[in-house]
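[1] model this:
(chains A, B and C)
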Amino acid sequence: MSKVIASRTAALTETPFHYCPGCAHGIIHRLTAEVIDELGLQEKTVGVASVGCSVFAYDYFNVDMLQAAHGRAPAVATGVKRVLPEATVFTYQGDGDLAAIGTAEIVHAAGRGEKITVIFVNNANYGMTGGQQAPTTLLGQVTKTTPNGRTSEANGYPIRVCELLSTLTGAAYIARTAVFDPAHVTQTKKAIRKAFEVQEKGLGFSLVEVLGNCPTNWHLSPGDSVKWLKENMLPYYPLGEFKVSEEVE
Amino acid sequence: MNHELILAGFGGQGIMFAGQLLAYAGMLEDKHVSWIPSYGPEMRGGTANCSVVVSDKEISCPIVTEPSILVALNMPSLEKFEPSVQEKGLIVYNSSLAVQPPSRNGIDTLAVPGNKIAEELGNSRVVNMVMVGALVEKTGLVSMDSVFAALEKVLPEHRRHLIPLNKSALEAGAERCK
Amino acid sequence: MAKLLMEGNQALAEAAIHAGCRYFFGYPITPQSEIPEYLSRRLPQVGGVYLQAESEVSAINMVFGAAGTGARVFTASSSPGISLMSEGISYIAACELPCVLVNVQRGGPGLGNIAPSQADYNQATKGIGHGDFHLLVLAPNSVQEMADLTIWAFDLADKYRNPVMVLSDGILGQMMEPVEFSEEIPEPPEKPWAVTGASGRKRNIINSLHIAPEVLEARNLKLQAKYAAAKENECRCENYLTEDAELVVAAFGSCARIAKAAVEEARSQGIKAGLCRPITVWPFPEAAVAEACKNARACIVTEMNEGQMVYDIRLALKDRIPVHSFGKMGGVIPTPNQILDEIKKLEVKPGV
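    Sure, this is the predicted structure:
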């Protein structure tokens, strides 16, 4: 008799991911789905996909899904949650979507303390459109639209989303994690679980920023992309919990 | 019966409320009514005004440009709207402030010292009700009973203690025309 | 139910509640702010949700989310705000989500002014947002119709799974007239497509992304079939004194009230004038327009814009008779006498 010791989580469909080799999205999808599954939320969850590499998230998460316009996922999630306060509502957004075109939506969803969970993947560029500068692109980083590297004079400074949102009273839980090794994968799952638990307890807005590597647009091998992330992103985007409201503690 | 009114005065003289009260009273009498605050160029010049139509038939245009009745609470309003009043129309004006009587021929006029009467009642803010009282008594546009009934409906809860004062003002205005 | 004397904007808001709508997401802008003000007080009384968004962009996306759950939901704005919503409206139409949109039009373009206008006719009936889609667009001309057409809008939205716009303006929004609400509350249909959490059923996906051209074409064909059905079934038009009319004035919304007064005055002067008032401006009531003008030798389209509906009238009349345009822009309201003058211009030139 063989025993199942690992299987696909029920909260993921059987559709194979379209992501590039070495991309962090697959891991982050799986962790999110596992948390939904383990907390028993699958049948009451409504997910909101955004625009970017994760645009097809509605094909992967085995829950009711909406696909939102670029940057608008927190507003769409707000509409869902206000009608269905008992539902579990999450958005899955990248850095171009959330930190540029969707800045107003994310800031005000957090400001209102909207009881939704946001999974935010930061890979320091616009992946789907082919590697252009994102608001999170680091100084000196070469992208398709910063061919000589981002400069503060021409392009301003990268935005730290967790630090920004953690100043808002309505934000109950804000954390930044990474998934470049097993220990950090475990930490990320813990943070995502906490974020969903915050929503289930009705404590307010929760967001987990996950630093992701983008080997294709960074023009690096998957291994080198991990090295680049550790050396360049971690100093500017430190990991940790930035806001844990008293009720969450 | 088709009355097309413009009520005009300074902002704060209760023009809008006076117009709504007449429209409400007309509705209570199952007449067709409309009320609309002023729009367009005539809005400028420091006056507030509204159009009110009270009619036996369905109202086509609720925006009054050539009133059959003008109620003017101050001099600028009288000067501005006097030329637009229909032939054989009526101008009811507050002679306390509009000291220069209308000069046009072929129209009916009624001078009501609105501020003076209101002050005699102890509250200059009810000048709008004095003018409505005079207008109703003069024209029979709506009945005074309907105006009283409308007052009960239109005044919000926290203003209901003002009903007796408003009624006195309406009656004082009417008395002036008897 | 007794008659109430209400402002158009308030009557519209109350009508939405009568239609079973419990969700409103909006943003203040003159001259529609009475709608959110009224609902911020009224919706909590009936167990509903009023939420002021951070922008019209967000408001329409909140509507998208709420409509996705199957709830009756609406938003209201005025011209510049509707422009901001056009992205979300395209997504809502693409995803076939029912909702009601209200435009209390003001003068444009740009920031324009806060005076009444009808300059968003083309935007509403032709060009709101990207892609091949249509709103159903209803044009009330009284406070009673602000209420009645809003209730109808919710029914149409559910029937066609499509956004429906009530195209109002600053006159209708701010004026007071008696209004009666019917006691009958229409029952919304079942919405098995809604996203509510996939409990005991297959999961639902609401999505407007279709990478394969053949798939997207099929989606578009489905939308077009729906619009064809709406054209077939929902056209409404009020024709007044048109049976023997030699001159027909065509107008919609508040401008039709002014035009009606001009037509009545023309009749009293012995001129055979009539009024044609499209109530659905999309789908456009072409047959009724043609019927109104069957004995006419000219038509004058009066609008509070540079002449926008005039093109739909010309299409409906197929160049059979001359169609003149008389428009006022920038928030200027035509008077009955000005329209009467236009009628008379044609009257003294027989054979035009």
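
[2] who's in contact with residue A:52?
    By CB atoms under 8 Å, 6 or more residues apart in numbering or on different chains, the contact set of residue A:52 is A:70, A:93-94, A:96-97, A:126-128. (Each C-beta comes from the backbone N, C-alpha and C, glycine too.)

[3] So for chain A, the centremost residue is which one?
    Most central in chain A under CA atoms, centre = their mean is residue A:120, positioned 1.9 Å from the mean C-alpha point.

[4] residues making contact with the strand or helix carrying that one?
    Assessed by DSSP states H and E, residue A:120 sits inside strand A:117-122. Strand A:117-122 is contacted from outside by A:24-25, A:28, A:32, A:54, A:73-74, A:88-95, A:98-99, A:106, A:109, A:136, A:161, A:192, A:195-196, A:198-199, A:205-212, A:233, A:237, using CB under 8 Å, 6+ apart.

[5] State the next helix or strand along the chain beyond that strand.
    Following strand A:117-122 in sequence order, the next helix or strand is helix A:152-155 (DSSP H and E).

[6] how about whatever helix or strand comes next after that next one, does it reach chain C?
    Tracing the chain past helix A:152-155, the next element assigned as helix or strand by DSSP H and E is helix A:161-165. No - counting by CB under 8 Å from any CB of the partner chain, chain C is not contacted by helix A:161-165; separation bottoms out at 14.3 Å.

[7] tell me which strands and helices helix A:161-165 is in contact with?
    Using 3 or more CB pairs under 8 Å, 6 or more residues apart in numbering or on different chains; DSSP states H and E, the elements in contact with helix A:161-165 are helix A:103-111, strand A:171-178, strand A:205-211, strand A:240-244.

[8] Out of the ones you listed, which is the most enclosed?
    Among the helices and strands packed on helix A:161-165, strand A:205-211 has the highest mean neighbour count (mean count of other CB atoms under 10 Å in any protein chain shown), at a mean of 28.

[9] What strands line up against it, and which way round?
    Paired strands of strand A:205-211, with direction, are strand A:117-122 (parallel), strand A:171-178 (parallel) (DSSP bridges).

[10] Let's have those in TSV, adding mean pLDDT and distance to residue C:257.
    Converted to TSV, the strands paired with strand A:205-211 look like this (pLDDT from 0 to 100; distance: least, CB to CB, whole Å):
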stretch	mean pLDDT	distance to residue C:257
strand A:117-122	98	49
strand A:171-178	98	51
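
[11] For chain B, which residues are neighbours of chain C?
    So chain B meets chain C at B:20, B:23-24, B:27, B:32-37, B:39-41, B:59-63, B:65-66, B:154 (CB under 8 Å from any CB).

[12] which stretches of the stretch 151-300 of chain C have low pLDDT?
    The model of the stretch 151-300 of chain C has no residue with pLDDT under 70.

[13] Spell out which parts of it neighbour chain B.
    Near chain B, when you scan the stretch 151-300 of chain C using CB under 8 Å from any CB, you find C:170-171, C:174-178, C:257-258, C:260-261, C:264.

[14] In CSV, list those along with secondary structure, distance to residue C:312 and neighbour count.
    Formatted as CSV, those follow (DSSP: H, G, I helix; E, B strand; the rest coil; distance: CB to CB, whole Å; neighbours: other CB atoms under 10 Å in any protein chain shown):
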residue, secondary structure, distance to residue C:312, neighbour count
C:170, helix, 23, 29
C:171, helix, 22, 28
C:174, helix, 27, 22
C:175, coil, 26, 28
C:176, strand, 31, 27
C:177, strand, 28, 27
C:178, strand, 32, 23
C:257, helix, 20, 23
C:258, helix, 19, 28
C:260, helix, 20, 24
C:261, helix, 23, 21
C:264, helix, 25, 19
